[in-house]
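[1] any chance you could fold what I've pasted below:
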Amino acid sequence: MSRTDDTIDVAFRVFNEIGIVSQLAATAFERIMPAGMTLAQFTVLNHFARLGGERRPTDLARAFQVTKATMTSTLQKLDAKALVAVTSDARDGRGRLVSLTDAGRAMHADCIARLHPMLRELVGAIGPEPFKAALDPLTRLRETLDAMREGGNPGR
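    As a prediction, the model looks like this:
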């Protein structure tokens, strides 16, 4: 096996671990969230909490790499809970714009607060250093994958 093959094997193992961690974390997350709050709904709230502003449903679907129908369903559930506001786009009478409501910001904060005990337990079990050490490489990995998705030229 060549050195390149070894590196590819390690890269696969990293993605495999990320996938397993993602599944375990999603299950743990949904167990501690308020009734009816799904990970999909939280990720939309988190998107708006991080970036602010308004987004079209199609832009959200593209950002989350889901179908427009899937995003529409998630947005309808959030809208029914008054966590997002869906309004007409003044520039395009047929279009819709989505924004986070005050109730959505409060729900986001509640979800984060509910995560704190689990995160404290994880940091206590593993220590803070692995989290600190993982953040930069994971951020670069996400940014590179995002650039590849958008047709960019990663790492160059």
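[2] for R3, give its distance to R96.
    Noted for R3: a distance of 51 Å to R96, by Cβ to Cβ, to the nearest Å. Every residue, glycine included, has its C-beta placed from N, CA and C.
[3] need the contact partners of the least confident helix or strand in the chain by mean pLDDT.
    Among the helices and strands of the chain, strand 92-100 carries the lowest confidence by mean pLDDT, DSSP states H and E, at a mean of 88. By Cβ atoms under 8 Å, 6 or more residues apart in numbering, the residues outside strand 92-100 that reach it are 45, 48-49, 52-57, 60, 75, 83-89, 108.
[4] at 6 Å what do you get?
    Residues outside strand 92-100 that contact it (Cβ atoms under 6 Å, 6 or more residues apart in numbering): 48, 54-57, 75, 84-87, 89.
[5] filter those residues to the buried ones?
    Buried by 16 or more other Cβ atoms under 10 Å: 48, 54-55, 57, 75, 84-85, out of the contacts of strand 92-100.
[6] tell me which residues of the helix or strand where T72 lies come out buried.
    If you go by DSSP states H and E, T72 is part of helix 68-80. Neighbour-count burial for helix 68-80 flags 71-72, 74-75, 77-78 (criterion: 16+ other Cβ under 10 Å).
[7] and the residues you listed, which is closest to T144?
    M71 (24.2 Å; Cβ to Cβ).
[8] please report how far G124 lies from I32.
    17 Å.
[9] for the residue nearest the centre of the chain, which non-adjacent residue is closest in space?
    Taking Cα atoms, centre = their mean, the centroid of the chain lies closest to T43, which sits 4.3 Å from it. In this structure, T43 finds its nearest non-sequential neighbour in F64, 6.8 Å apart by Cβ to Cβ, 6 or more residues apart in numbering.
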